[in-house]
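*Asks:* with the sequence up front, the predicted model follows.
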Number of protein chains: 4
Amino acid sequence: MAPLSEEQLIQKREIRREQIIEAAFKVFAHRGLNRAKMTMIAEEAGLSAGQLYRFFESKEELFSTLIHRAMKESINGIESIYELPGTPYEKLKMFTQSVFEDESSRYPFMLIQQAHTADEMPHEVKQIIKQFSMKNYFEILLPLFKEGQKMKEFVEGDLEELISSYLIMFSALATFNMPVDEHFELPKAEIFLRVITGPKA
Amino acid sequence: MAPLSEEQLIQKREIRREQIIEAAFKVFAHRGLNRAKMTMIAEEAGLSAGQLYRFFESKEELFSTLIHRAMKESINGIESIYELPGTPYEKLKMFTQSVFEDESSRYPFMLIQQAHTADEMPHEVKQIIKQFSMKNYFEILLPLFKEGQKMKEFVEGDLEELISSYLIMFSALATFNMPVDEHFELPKAEIFLRVITGPKA
Amino acid sequence: MAPLSEEQLIQKREIRREQIIEAAFKVFAHRGLNRAKMTMIAEEAGLSAGQLYRFFESKEELFSTLIHRAMKESINGIESIYELPGTPYEKLKMFTQSVFEDESSRYPFMLIQQAHTADEMPHEVKQIIKQFSMKNYFEILLPLFKEGQKMKEFVEGDLEELISSYLIMFSALATFNMPVDEHFELPKAEIFLRVITGPKA
Amino acid sequence: MAPLSEEQLIQKREIRREQIIEAAFKVFAHRGLNRAKMTMIAEEAGLSAGQLYRFFESKEELFSTLIHRAMKESINGIESIYELPGTPYEKLKMFTQSVFEDESSRYPFMLIQQAHTADEMPHEVKQIIKQFSMKNYFEILLPLFKEGQKMKEFVEGDLEELISSYLIMFSALATFNMPVDEHFELPKAEIFLRVITGPKA
DNA sequence: AATGAATGAGTATTCATTCAT
DNA sequence: GATGAATGAATACTCATTCAT
């Protein structure tokens, strides 16, 4: 008989799987589908490459799984902005700051960016990515920005353009693959958000 | 064939070389060292892959050459800001705008960014890249930003942080590998520059 | 300029391709999709494994191509029976004999058999094979066997069963992967064909 | 647990071993040494792959064991023909028929056939297989066929050739790995045996 | 000079086998 | 004794690079 109960085994396996996903997130986020090697992911997860295949059928399936998760997480992350306390500006600042300060919270955005850029994507991923796009984020932020404008916290003017600008800049910064260099640090959220608050902030 | 003078031959060769460099710039900028294939560069330059080796010893040497050039060009590009007419803000805006609007002017920045993340870089390149970093840009922009602050065009406060913030955000945007999507467009320079002009602009 | 005219190149390439196909036919026929190694095929064709990929996208595509060809050739081979001289029995004997005597003429049948047996077939091959089956051969031989019975050359009785029996036995023998052993030789066609001619032959 | 006597333990182990052999017989017969996976055999036998190694040192040893057994069984099977009732023809028919009708009785022949074509066979097995060949069957059948000819049940002529033809055709049919297709069925023994009975049957 | 052909080193993947639990 | 986990060797495939023509 197996020394561990079935439940224990399943749980252990689930933990393993999560370790792999986390490791893969990091490696894929930084290197993309191509330059990420299965051995790198395995090493990062603390096991051998062969083991990865007990959890995922292929590198592509692993990547695909991560993309799905990245989309969910990025959406959830942005949606969670409404649960933060304070005014729209305070919410946006806190959200932005938290992403800028914690690399792992940027992985989902980095991964999606990698998927957009690469050409040799699994067909499935191509499909998902296509439908996805930045529109989703846009919709989510719309109410927040409206409120922000109404409260005069945000600069007046074309609302769509404002959100788009924020999103592009946020994306560019969140996915910026910085060299490990003391001089490279994401800007403070307050500074970045002048884009939104404009002359009044 | 009509015999060409030696000079003509050299010139012809030089033109060829430039074609290759231009093609390689584009391909490397978009795909990075790894994902760029020699055949892609050759095709873009309108010749066979074998020919590339008459001009460059290896893919790495080619990349290396481009990096050197990219550094020069990016420096020159930023330095040229002082030749632009108008106030510091107007200069900065014009410069920023021109880069945001013309993809090929972003290649040098993209390439340097690619070099940061690539792995099997010739040791030499690694060194250069390391020393280079963003500091150079910083030095160049220092006088402009000082003047901008003095004239109250730029926001007050920590000058270093301001320049760094501008540079990071500029870099992130200039090297952002955008999906071909109607909703993805770099922001207008005016909007982006609110970061610099702050509450007063 | 290339030293060979384009036409010459194309022709040369075509010859190469045929060499590969021939080599692959042999190796796949004997070993099946799995046990056939690309290096074996390459060696048999007199080139390196890498070269195979300039002609075929993958092992599977190569196999697929061969299956298509095998089906055509096996059909054509059987249809050609009507062009042989003599009575139905003489035709059938000559055909059977020629297949039994020349290994390479059995490759198409062996290949199709391999495709039937294997499980890990490219999806496309599965489809083709499914529709194919032995029915095709059956239809082709029907007139010959009818005539053979009418002429009293062939044994009387259930015509369908007679053809099926011939086909199964023919297939089994044609695809029999014999050890290289002096004692293993396909039977003489006359002997085998007693199945068809029965008590009267 | 109730303590089992040593004898009981040995017996239990023996049963296990037989289960494995039976399972391996089936899997190897259909898929051959290479395409048969240890996990498949384990699953068919209802245990884990690791367990197989408590009974057999390696896949090759397992295969080797089966080959030995297959040889014995095939010999025994053919020898048993003399215990069947009736004339030589009746004996041969009954034997042939029983093999054609019961797949598992064909496993030994299939396995030997697989061994012929497999490559990385333990050297030992290669030797055995080589010496074995079809000659053994030949010797066994010799008296039967002699008697058959004497009784005019079998066709006249070269006795060796007649036996060889029977054996090759029998082997080819017995080892024919048929697709699961309604149109594929081994022929009736009577039809097949016309090869032996010839014009007189 | 210029091209297509050829090679070999590197990576994804599978699976027999070993081993910790 | 028995299982799931772990490893490493083998093989398909890609692509920088070299070279014959």
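*Replies:* Happy to help now that I have it.
*Asks:* shaky segments in chain A?
*Replies:* A:1-4, A:179-183, A:199-201 (pLDDT under 70).
*Asks:* longest helix of it?
*Replies:* helix A:6-35 (DSSP state H).
*Asks:* next structured bit after that helix?
*Replies:* helix A:38-45 (DSSP states H and E).
*Asks:* hang on, the earlier thing: report the buried residues of the longest helix of chain A.
*Replies:* A:16, A:20-21, A:23-33, A:35 (16 or more other C-beta atoms under 10 Å in any protein chain shown). (C-beta placed from N, C-alpha, C; glycine too.)
*Asks:* is chain D contacted by it?
*Replies:* No - against chain D, helix A:6-35 shows no contacts by C-beta under 8 Å from any C-beta of the partner chain, the least distance being 13.3 Å.
*Asks:* strands of chain A, start to end?
*Replies:* Using DSSP state E, no strands are found in chain A.
*Asks:* can you give me the helices for it?
*Replies:* Under DSSP H, chain A gives helices at A:6-35, A:38-45, A:49-52, A:59-79, A:88-101, A:103-117, A:123-132, A:135-150, A:159-174, A:189-192, A:194-197.
*Asks:* for chain C, find the nearest of the ones you listed.
*Replies:* Among the helices of chain A, helix A:123-132 comes nearest to chain C, with 14.0 Å by C-beta to the nearest C-beta.
*Asks:* re the thing from before, which one among the buried residues of helix A:6-35 gets closest to chain B?
*Replies:* Nearest to chain B, judged by C-beta to the nearest C-beta, of those is residue A:35 at 5.2 Å.
*Asks:* grab the most central residue of chain A for me.
*Replies:* The centroid of chain A falls nearest to residue A:108 when counting by C-alpha atoms, centre = their mean (2.1 Å).
*Asks:* so that residue sits against residue A:68, correct?
*Replies:* No - counting by C-beta atoms under 8 Å, residue A:108 stays clear of residue A:68, with 10.5 Å between them.
*Asks:* about what we covered before: tell me which of the helices of chain A sits nearest to DNA strand F.
*Replies:* helix A:49-52 (2.7 Å; C-beta to the nearest atom of the strand).
*Asks:* output the contacting helices and strands for that closest one.
*Replies:* The contact analysis (3 or more C-beta pairs under 8 Å, 6 or more residues apart in numbering or on different chains; DSSP states H and E) places helix A:49-52 against helix A:38-45.
*Asks:* what's next to the helix it packs on, contact-wise?
*Replies:* A:19-20, A:22-24, A:26-28, A:31, A:48-49, A:51-52, A:59, A:62 (C-beta atoms under 8 Å, 6 or more residues apart in numbering or on different chains).
*Asks:* now do the buried residues in it.
*Replies:* By 16+ other C-beta under 10 Å, the buried positions in helix A:38-45 come out as A:38, A:40, A:41, A:42, A:44, A:45.
*Asks:* let me know the closest of the residues you listed to residue B:161.
*Replies:* Nearest to residue B:161 among these: residue A:44, at 33.6 Å, using C-beta to C-beta.
*Asks:* quick one: the closest one and residue A:118, what's the gap?
*Replies:* Going from residue A:44 to residue A:118 by C-beta to C-beta, to the nearest Å gives 20 Å.
*Asks:* before we move on, what about residue A:178?
*Replies:* 20 Å.
*Asks:* just the angle for the longest helix of chain A relative to helix A:103-117, thanks.
*Replies:* 50 degrees (axes from the mean of the first three to the mean of the last three C-alpha atoms, to 10 degrees).
*Asks:* near DNA strand F at all, helix A:6-35?
*Replies:* Yes - for helix A:6-35, a contact with DNA strand F is found by C-beta under 7 Å from any atom of the strand, at A:9, A:12, A:13, A:16.
*Asks:* now do stretch A:55-74
*Replies:* No - using C-beta under 7 Å from any atom of the strand, stretch A:55-74 stays clear of DNA strand F, with a minimum separation of 9.0 Å.
*Asks:* report the buried residues of that stretch.
*Replies:* The neighbour-count check on stretch A:55-74 (16+ other C-beta under 10 Å) flags A:55-56, A:59-60, A:62-67, A:70-71, A:73-74 as buried.
*Asks:* got a markdown table for those residues, with distance to residue B:146 too?
*Replies:* Putting those into a markdown table (distance: C-beta to C-beta, whole Å) gives the following:
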| residue | distance to residue B:146 |
| --- | --- |
| A:55 | 56 |
| A:56 | 54 |
| A:59 | 51 |
| A:60 | 52 |
| A:62 | 51 |
| A:63 | 47 |
| A:64 | 51 |
| A:65 | 51 |
| A:66 | 46 |
| A:67 | 46 |
| A:70 | 42 |
| A:71 | 45 |
| A:73 | 43 |
| A:74 | 39 |
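*Asks:* now, the most widely separated pair of the residues you listed?
*Replies:* Greatest spacing in the buried residues of stretch A:55-74, by C-beta to C-beta: A:55 and A:74 (23.0 Å).
*Asks:* for residue A:156, what are its contacts?
*Replies:* Residue A:156 sits next to A:149, A:198 when contact means C-beta under 8 Å, 6+ apart.
*Asks:* how close does the nearest residue in space to residue A:113 that is not next to it in sequence get to DNA strand F?
*Replies:* Nearest residue to residue A:113 in three dimensions, chain neighbours excluded: residue A:175, at 4.1 Å (C-beta to C-beta, 6 or more residues apart in numbering or on different chains). Taking C-beta to the nearest atom of the strand, to the nearest Å as the measure, residue A:175 falls 23 Å from DNA strand F.
*Asks:* residue A:175: how many residues sit nearby?
*Replies:* Using other C-beta atoms under 10 Å in any protein chain shown, residue A:175 is surrounded by 23 other residues.
*Asks:* swap in the one 10 residues further on?
*Replies:* Using other C-beta under 10 Å, residue A:185 has 14 neighbouring residues.
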